[in-house]
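Novice: build me a structure from this.
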Amino acid sequence: MTFATAMILGVLASGLTPLERSQANYAVTRAKVQFRFAYDRLAGSGVEDPATVILGTWACDGRTEHLRWRPEEGGPGLAADEVLWNGTTLVSRRPRSLEVAEGEGAALPEDARSPLWWGMATSFPHMIESVFPGVTPELLPGVRDGRPVEVESYHKISESGWIRIEVAYDPSIGWLPRTARLIKFDRGSGTATGLTVEVQEAWRCASGGYVPTGWDCETWELGGLDAKNGESPDFTPMGGRRATAHFRATSSLDLDARPAIITTGPVRAIEGPGGSVPLALEVPPITLDEARRLLGPKIKAPSPPKAPAESPNRDAAAVLLALATAGLIAWTAVRAAARWLQ
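Specialist: The predicted structure follows:
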């Protein structure tokens, strides 16, 4: 029996899955990380686009993440932004307001990155339950860079095709993913898109949680695939148009405060799907729980008005009236005939 196989059996005996162990690592994380993230030019695209560089700060208390980022000075990039995020609720800083969204409306901005936000549907480990709810993964032993890992493979069929993710958890870094590969296949266009992340470095905070402090990412797209072959769960297309990106922490510290929106300048309101609530022009840093409390019931969209009750069918009413009238006439006739017979 190999060491990797023995490790798999040990985890199964403990009753905890690799994902649950990774979630437990997340729950004890108390960290603040400053980072630099760079998109590289597309290889082989024929376009010499300069890299887009983002500088940012990420903080996590095991429940809520706070992320701020801005483009590096002098280079092409995106607007500065700031969000709070817990997997289901997103609080975004706007020029003069705060915006709160939940559920499907709470999507992380496409240009954001963090130690656990790699450009997939959402950040890890939230993305597993978000993208693959109710899916039982296949568990396999594996090795990454000479390290024994446990690989969970999730596969889900959709109306347009399928989506699969393979996550290789490394127990030596708190069961963080050492690698993660996401593939999405669209049978209509015969196109597969993929994203692969490899964690290079991780740091352990004083509370015991491990945080990725260096990772590389590669995305690709491959078209013209055979839709029939693409239905096989073993189908793993590779190649095509590629782009790479790199995340590196510039400092890692233990977190000593709850993550909160650091408001700079006047904030006039907090807004949600159900409307807005006025705020004082100058407000202190706001936590995610405080934002939800301030917004109150307006965090939910108003219920659509009930459709007016349909009017009774006039034809049916007329038939019922005619039947009732006929019945009355018949009953009267029977009573009259009975009296005459007497």
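Novice: in the stretch 101-250 of the chain, which spans are helices?
Specialist: 126-131 (DSSP state H, counting those that start in this stretch).
Novice: so where is it shaky, pLDDT-wise?
Specialist: Scanning the stretch 101-250 of the chain for pLDDT under 70 picks out the ranges 226-239.
Novice: just how off-centre is stretch 157-170 within its chain?
Specialist: 14 Å (C-alpha atoms, centre = their mean, to the nearest Å).
Novice: strands of the stretch 151-300 of the chain, start to end?
Specialist: 161-170, 176-186, 191-204, 210-222, 241-254, 269-272, 275-278 (DSSP state E, counting those that start in this stretch).
Novice: and the angle for the first one with strand 191-204?
Specialist: In other words, strand 161-170. Put simply, strand 161-170 runs at 20 degrees to strand 191-204, going by axes from the mean of the first three to the mean of the last three C-alpha atoms, to 10 degrees.
Novice: same question, the fifth one
Specialist: Comparing the axes of strand 241-254 and strand 191-204 via the same axes, to 10 degrees yields an angle of 20 degrees.
Novice: in stretch 266-285, what counts as buried?
Specialist: Buried residues in stretch 266-285, counted by 16 or more other C-beta atoms under 10 Å: 267-274, 276-277, 279, 283. For glycine as for every other residue, the C-beta is placed from the backbone atoms N, C-alpha and C.
Novice: before we move on, back to that, so can I have TSV of the strands of the stretch 151-300 of the chain showing distance to residue 152?
Specialist: Listed next are the strands of the stretch 151-300 of the chain as TSV, based on distance: least, C-beta to C-beta, whole Å:
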stretch	distance to residue 152
strand 161-170	5
strand 176-186	9
strand 191-204	15
strand 210-222	18
strand 241-254	22
strand 269-272	35
strand 275-278	41
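Novice: of all those, which one comes closest to residue 135?
Specialist: With C-beta to C-beta, the closest approach to residue 135 among the strands of the stretch 151-300 of the chain belongs to strand 161-170: 9.7 Å.
Novice: in its sheet, which strands sit next to the closest one, and in what direction?
Specialist: Strand pairing for strand 161-170, determined by DSSP bridges: strand 147-157 (antiparallel), strand 176-186 (antiparallel).
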